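Peer 1: pasting a predicted model and its sequence here:
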Amino acid sequence: MKNLIFIGAPGAGKGTMAEKLSASTTIQHISTGAILREEISNETELGKAVKQFLEEGALVPDETVANIVAGKLASDEIQKNGFILDGFPRTENQAVILDGLLKESGVELDAIVLFDLAEDVLMQRLTGRRVCKECGSTLHHMLFNPPKTEGVCDKCGGELYQRPDDNAETAADRLDVYKEQTLPVIEFYKNSGKLVTIDAAPSQNEVFAKLQETVNS
Ligand code: AP5
Ligand code: MG
């Protein structure tokens, strides 16, 4: 399997599992959230246009994210090596747009992987997360996987920071947005025969082992 969608609530582990899978294969990780954060940090026109949505934990308009994904899917490297779409589609309309994009380019989805986690754990995962400014790693967590040196990425030595939308209030808003706008996407894929649910509660290594079983099956 090489063409994958990762879906799940904020904090379920999509980015972390995508990071691990792309590091151990040639499959390319496409995180719409990470791309948008980079645009914001570079103060591009796109970044300025989306900043407030991310700060509030609201979804960016479908057309904006769909354009980003369309650009990525058109690349030869991604068509050859496959992709993990991490955080897209997130509305039913985005799922319909993606269907059209894949049909146009003759690419088949292999699996939609749903990372399933209880709400109280999601909040813990979000509020304790630390992200690397340099390499973007999300492997660190203040409770579950603290860095060896505080504030420093174990992987690259870069500076770790807390995402501004990982405060308790915005995290709770993001969970509400997920329930309202993204749960219908799971329904959309339910009858495709390609939806695989992984229990995201065990340790990072255990969840990753399950993911590898799925991808290699
Ligand atoms: P995005 O960046 O996608 O955020 P999200 O969906 O809210 O998801 P997260 O990144 O918060 O969670 P994750 O599942 O990746 O968790 P992680 O692996 O880091 O989107 C941000 C914003 O961009 C949105 O709010 C929206 O504004 C906009 N946006 C993005 N895509 C969009 C779209 N398609 N449409 C419209 N707007 C869009 O894990 C969390 C923590 O837990 C980490 O510290 C990690 O180390 C730890 N952890 C992971 N797994 C385990 C484990 N098994 N055990 C213990 N700890 C673990
Ligand atoms: Mg993420």
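Peer 2: Here it is on my side, so go on. Ligands and ions are numbered 1, 2, ... in the order given.
Peer 1: OK, contacts around the residue most central in space within the chain?
Peer 2: Nearest to the geometric centre of the chain sits D86, at 3.1 Å (C-alpha atoms, centre = their mean). Applying C-beta atoms under 8 Å, 6 or more residues apart in numbering to D86 gives the contacts 6, 14-15, 18, 29-34. Just so you know, the C-beta spots here come from the backbone N, C-alpha and C atoms, and that holds for glycine as well.
Peer 1: with K194 instead?
Peer 2: By C-beta under 8 Å, 6+ apart, the neighbours of K194 are 109-112.
Peer 1: check I40 too.
Peer 2: 47-48, 50-51, 54.
Peer 1: out of the contacts of D86, who's near ligand 1?
Peer 2: Applying C-beta under 6 Å from any ligand atom to those, one finds that 14-15, 32-33 fall near ligand 1.
Peer 1: and which of these is nearest to ligand 1?
Peer 2: G33 (1.9 Å; C-beta to the nearest ligand atom).
Peer 1: counting by contacts, list what the lowest-mean-pLDDT helix or strand in the chain packs against.
Peer 2: Least confident helix or strand, the chain: helix 76-81 with a mean of 92, by mean pLDDT, DSSP states H and E. Judged by 3 or more C-beta pairs under 8 Å, 6 or more residues apart in numbering; DSSP states H and E, the packing partners of helix 76-81 are strand 28-31.
Peer 1: pull up the pairing partners for the strand it packs on, direction included.
Peer 2: Here strand 28-31 has these sheet partners by DSSP bridges: strand 83-86 (parallel).
Peer 1: C-alpha coordinates for the very next helix or strand once past the partner strand, CSV please?
Peer 2: Using DSSP states H and E, the helix or strand that follows strand 83-86 in sequence is helix 92-105. Taking only C-alpha atoms (Å, rounded to 0.1, in the frame of the first residue of the first chain), the coordinates of helix 92-105 have been written out as CSV:
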residue,chain,number,x,y,z
GLU,A,92,-17.1,15.9,3.0
ASN,A,93,-16.7,18.5,0.2
GLN,A,94,-12.9,18.0,0.4
ALA,A,95,-13.4,14.3,0.1
VAL,A,96,-15.4,14.8,-3.1
ILE,A,97,-12.8,17.2,-4.5
LEU,A,98,-10.0,14.6,-3.7
ASP,A,99,-12.0,11.9,-5.5
GLY,A,100,-12.0,14.1,-8.6
LEU,A,101,-8.3,14.9,-8.4
LEU,A,102,-7.4,11.2,-8.0
LYS,A,103,-9.6,10.2,-10.9
GLU,A,104,-8.0,12.8,-13.1
SER,A,105,-4.5,11.6,-12.4
